[in-house]
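In: requesting a structural model of the entry that follows:
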Amino acid sequence: MSRKVLIVGGVAGGATAAARLRRLDEEARIIMFEKGDYISFANCGLPYYIGDVIRDKEELTLQTPESFSQRYNVDVRIKSEVISIDRQNKAVTVKELISGKTYNESYDVLILSPGAEPVVPPIEGSRLDAVFTLRTIPDTYRIKEYVQRNKPRRAAVIGAGYIGIEMAENLHNLGLDVSIIELSDHVIQPLDPDMAAEVHHHILSKGVSLYLGKGVTAIRSSREGYELVLSSGESLPADMVILAVGVRPESRLAKEAGLETGVRGCIVTNTRMQTSDPYIYAVGDAVEVVDFVTGEKVFVPLASPANKQGRIAADNICGIDSTYNGTQGTAILKAFDMTVAVTGSNERTLKAAGIDYEKSYTYNSSHADYYPGATYMTIKLLFDKKTSVILGAQITGYQGVDKRCDVLATAIRTRMKVQDLVELELAYAPPFGSAKDPVNIAGYVASNIQNGSMQAFYWHDVDEIDPSSAILLDVRTEYEFRKGTLKGAINIPLDSLRERLNELDRNKPVYVFCQVGLRGYVASRILMQKGFGQVYNLSGGYRLYRMVTSQTQ
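Out: Model prediction:
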């Protein structure tokens with residue numbers, strides 16, 4: 001007798017599970033319920049349709065209910081909301097949203113893929129007509145139609161995560177005057193604040209206003225449109241508002257059915273994607289996952305994990321032993337002209353998990369400098385202080401950021417050490433890379449820290465250094481020194497250092513710095529081999545210090 005599988009929700013998790021089930025079991029009866037009109041669409045492309053980058057709305061729909069049904073022989077029922085689960089009788093109650101009728105449907109196995117919903121903060125005006133969230137295709141059409149019909153001049157984006165930044169960029173590209181308001185002290189929360197600093201400068205350089213460390217307490221109608229009241233007491237005018245403060249798991253159905261839930265109300269599953277009921281599986285954004293690096297239970301709503309989980313659930317339903325072994329949170333973002341990529345843990349999560357870590361910063365070109373068009377990227381590497389195992393990476397730059405992040409994501413998944421990055425043989429030709437790839441160089445620098453050939457200090461240590469009891473040594477050129485340096489620093493250019501060692505007190509610790517860290521490293525090696533006992537090099541150099549500490553608002 002063929003098995004009957006019901007799937008609640010489509011898109012990444014549910015649609016993937018349905019397609020995989022059919023490939024494994026041609027005889028299974030598969031029914032997919034979706035309360036909306038769309039079962040498979042490009043969530044990540046929605047901001048770009050609003051910004052006219054993607055012009056054909058049909059491109060957003062990956063599979064129509066009809067095409068999916070025909071290809072995979074799945075009974076697709078759109079505008080059908082599953083409103084309850086009867087676990088004892090293994091049945092669900094379905095409401096047809098057009099007719100209002102309800103009916104019951106039995107199952108042998110049930111897969112929950114309800115996704116996540118945008119958070120709407122409980123503030124005055126959050127439900128006004130010109131206030132929007134973006135999660136679905138209908139959301140996209142509403143925003144697009146509002147822009148075309150009302151021709152707004154000013155837009156306020158509340159929240160500076162992935163959707164917030166993408167919406168700010170696309171509205172700016174349409175010619176709107178855009179303001180971003182973020183409650184945290186930096187944009188893109190998976191980034192550490194020091195790596196977000198360059199993104200702040202880039203956003204501001206585009207003429208977009210950035211309000212960090214401030215919340216919105218009210219949205220009110222005004223004579224000229226709308227007014228946003230900030231927690232700082234400031235007010236901002238706007239003609240439209242995008243709420244992009246995050247999402248929450250849509251786990252109501254699971255909770256009401258008595259299934260176990262965990263962090264932030266997410267559905268708890270085992271590694272085979274089974275819930276606390278062995279006949280019910282759950283996948284996608286509503287599911288609690290294990291952080292691959294820290295082992296902590298977390299909520300990480302990303303498309304790639306959802307796709308993997310859908311496949312794993314289908315495998316296990318069909319008797320194939322398949323497991324999901326944690327989420328790294330690998331993600332990439334186009335932030336105006338910049339590319340921002342992350343994988344693994346950041347400093348905040350490592351501190352919370354009690355992991356003793358070290359870090360390094362490197363700044364290198366995307367390909368050979370002598371080949372036209374090279375751009376630069378900053379790589380921050382986080383690694384275990386004792387074992388040297390790579391724990392996380394963050395990259396900001398332009399060209400080539402994506403492939404370096406993917407290499408480092410792979411390194412984290414295979415639990416490589418920083419020394420292993422040195423050994424990687426990566427594709428090289430002048431238009432694409434360098435003989436020493438930025439990933440190799442990140443490995444060299446981190447390895448130097450680990451083996452003691454370089455002792456590092458960081459941008460946040462600078463203000464604690466007392467120039468009366470230590471030496472701050474700027475080894476850049478005199479021209480660079482005159483343009484700006486650290487308070488209390490003396491200047492001995494690297495190429496003159498060997499001849500001027502007698503100007504330095506060997507009994508004092510020496511804190512060396514250059515623009516990005518390389519010349520400082522060379523200088524520190526000279527000093528260490530010439531008998532200076534305490535020598536430290538500024539990781540990331542003066543450039544990073546100025547980037548982080550300069551005022552951006």
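In: in stretch 154-163, what's buried?
Out: Within stretch 154-163, the residues that qualify as buried are Arg154, Ala155, Ala156, Val157, Ile158, Gly159, Ala160, Gly161, Tyr162, Ile163, counting by 16 or more other C-beta atoms under 10 Å. No exception for glycine: its C-beta is placed from N, CA and C like everyone else's.
In: quick check: which ranges of this structure have low pLDDT?
Out: Under the criterion pLDDT under 70, the flagged ranges of the chain are 1, 41-42, 62, 551-553.
In: now do 90
Out: Within the chain, the segments meeting pLDDT under 90 span 1-2, 10-12, 36-70, 135-138, 222-225, 302-303, 369, 467, 550-553.
In: returning to that earlier point: so of the buried residues of stretch 154-163, which ones are in strands?
Out: In strands, defined here by DSSP state E, the members of the buried residues of stretch 154-163 are Arg154, Ala155, Ala156, Val157, Ile158.
In: quick one: which of those is nearest Val516?
Out: Val516 lies nearest to Val157 out of those, by C-beta to C-beta, at 32.2 Å.
In: in the sheet, who's paired with that closest one?
Out: Counting by DSSP bridges, Val157 forms beta bridges with Ile180, Ile242.
In: residues in contact with it?
Out: Val157 is in contact with Gly164, Met167, Ala168, Leu171, Val178, Ser179, Ile180, Ile181, Val241, Ile242, Ala244, counting by C-beta atoms under 8 Å, 6 or more residues apart in numbering.
In: same deal with Arg87?
Out: By C-beta under 8 Å, 6+ apart, the contact set of Arg87 is Ala257, Gly258, Asp277, Tyr279, Ile280.
In: what about the second one, how many residues nearby?
Out: The tally of other residues near Gly258 (other C-beta atoms under 10 Å) stands at 11.
In: ok, it to Leu236 distance?
Out: Using C-beta to C-beta, to the nearest Å, one gets 45 Å for the distance from Gly258 to Leu236.
In: so what's the residue count around the nearest residue to His202 once chain neighbours are set aside?
Out: Of all residues not flanking His202 in the chain, Met338 sits nearest, at 5.0 Å (C-beta to C-beta, 6 or more residues apart in numbering). Per other C-beta under 10 Å, the neighbour tally for Met338 reads 21.
In: please list all residues in contact with Met338.
Out: By C-beta under 8 Å, 6+ apart, the residues touching Met338 are Glu198, Val199, His202, Thr396, Gly397, Tyr398.
In: also His460?
Out: With contact taken as C-beta under 8 Å, 6+ apart, His460 is in contact with Asp194.
In: and it, how far is that from Val512?
Out: In terms of C-beta to C-beta, His460 sits 17 Å off from Val512.
In: do the same with Gln534
Out: Relative to Val512, Gln534 is positioned 11 Å away (C-beta to C-beta).
In: settle it for me: which of those two has more neighbours?
Out: Remark: of Gln534 and Val512, Val512 carries more neighbours, 31 against 15, as counted by other C-beta under 10 Å.
In: returning to what we had before: so which of the contacts of Val157 is the most crowded?
Out: Ala168 (30 neighbours).
In: that one: which element?
Out: Using DSSP states H and E, Ala168 maps to helix 162-173.
In: what's the answer for Ala411, then?
Out: helix 401-413.
In: and the next helix or strand past that helix?
Out: Past helix 401-413, the next helix or strand by DSSP H and E is helix 418-423.
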